[in-house]
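> Sequence unavailable; structure follows:
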């Protein structure tokens with residue numbers, strides 16, 4: 001029978017061996033990186049000037065430069081970085097260079113890879129190459145994919161033909177429940193106009209009363225619709241938002257609709273929820289009025305600094321100081337009129353925090 005001392009002895013040596021293996025692995029990785037540095041430097045020295053000359057419109061020597069097998073993937077990544085950083089004629093010249101170097105074949109191979117990064121890279125490359133023959137494959141990825149796959153397929157399709165694919169892309173984005181909205185706002189920003197037109201044509205769904213399953217589906221669709229509009233910073237007409245600002249809407253939909261409200265009509269619709277039973281809605285009302293409100297909303301915001309919830313008071317105090325053409329003295333006079341000690345202290349604290357005088 002093995003004694004506790006022997007077990008501890010073996011555990012100690014096993015731990016030491018594992019730590020040694022980890023250290024050795026790190027050293028090997030560092031050595032490999034150091035060994036590949038000259039190759040990376042030579043690659044950059046050879047191909048970066050070619051891409052820069054292509055961007056500037058200079059003639060490249062014929063025949064086109066040939067890629068070594070080990071250079072294919074790094075070149076595609078370098079070419080993509082250049083595409084993502086330029087606009088105008090340079091993008092078209094880079095696309096012509098990519099077609100001449102048969103990057104579309106490499107991109108089609110990567111789009112079928114099991115590796116996530118390679119699939120995203122392949123879709124982006126097909127888009128920048130404006131390879132119309134890849135449209136069916138990209139539409140399939142758009143329909144069958146999830147989250148990032150949908151977003152990258154959308155970018156590729158919009159690069160190929162933004163006007164033709166805007167509606168299909170918008171429908172796929174609205175239907176995706178786990179959409180990375182921050183990535184959407186970055187990758188799809190150049191097509192805000194086309195996507196906005198398509199989004200307005202897809203009105204938020206409504207469901208018959210009493211059908212819970214259908215109502216839940218309609219609510220998710222509406223919420224995704226609103227969140228996509230917010231991610232793309234689309235100015236939605238008030239007549240589109242008005243039905244979504246009704247008291248009967250669920251909390252998440254109502255809050256998102258309030259965030260998107262603009263203009264005088266939007267101010268009136270938002271102010272109507274200043275006494276909503278849910279404090280999250282009241283806090284969002286106060287926050288929104290600070291951006292879209294005017295001197296007309298000062299009394300309402302002053303009354304909201306007396307709210308029972310701290311966050312509502314805090315947002316109302318911030319909003320009061322954001323209303324244009326109002327001095328600190330004017331704001332303090334209005335808040336003092338509430339005769340609420342907590343409201344006055346909240347506004348004074350916000351004045352001190354912002355450094356307003």
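Looks like it came in fine. These numbers were taken from a predicted model, which means no experiment stands behind them.
> Can you tell me the SS state at residue 130?
Under DSSP: H, G, I helix; E, B strand; the rest coil, residue 130 falls in the coil class.
> repeat for residue 114
coil.
> which regions of the stretch 101-250 of the chain sit below the pLDDT cut-off?
Applying pLDDT under 70 to the stretch 101-250 of the chain flags residues 205-216.
> ranges for the helices of it?
For the stretch 101-250 of the chain, the helices defined by DSSP state H, counting those that start in this stretch occupy 103-111, 116-128, 135-144, 148-175, 181-187, 192-201, 212-231, 238-241.
> List the contacts of the helix or strand containing residue 287.
Here residue 287 sits within helix 279-292, counting by DSSP states H and E. For helix 279-292, the external contacting residues (Cβ atoms under 8 Å, 6 or more residues apart in numbering) are 251, 254-255, 258-259, 261-263, 266-267, 270-271, 273-276, 297, 300-301, 304, 307-309, 311-312, 314-316, 318-323. C-beta coordinates here come from the backbone N, C-alpha and C atoms, glycine included.
> buried ones in it?
Of the residues in helix 279-292, 281, 282, 283, 284, 285, 286, 287, 288, 289, 290, 292 count as buried by neighbour count, 16 or more other Cβ atoms under 10 Å.
> list the helices and strands the helix or strand where residue 50 lies packs on?
Using DSSP H and E, residue 50 sits in helix 4-55. With contacts taken as 3 or more Cβ pairs under 8 Å, 6 or more residues apart in numbering; DSSP states H and E, helix 4-55 sits against helix 72-85, helix 89-100.
> looking at the ones you listed, which is closest to residue 142?
helix 72-85 (19.7 Å; Cβ to Cβ).
> and that closest one, how far out from the chain's middle?
22 Å (Cα atoms, centre = their mean, to the nearest Å).
> now for it, which elements pack on it?
Packing partners of helix 72-85 (3+ Cβ pairs under 8 Å, 6+ apart): helix 4-55, helix 89-100, helix 103-111, helix 116-128.
> and those helices as CSV, adding mean neighbour count?
Formatted as CSV, those follow (neighbours: other Cβ atoms under 10 Å):
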stretch, mean neighbour count
helix 4-55, 11
helix 89-100, 17
helix 103-111, 19
helix 116-128, 22
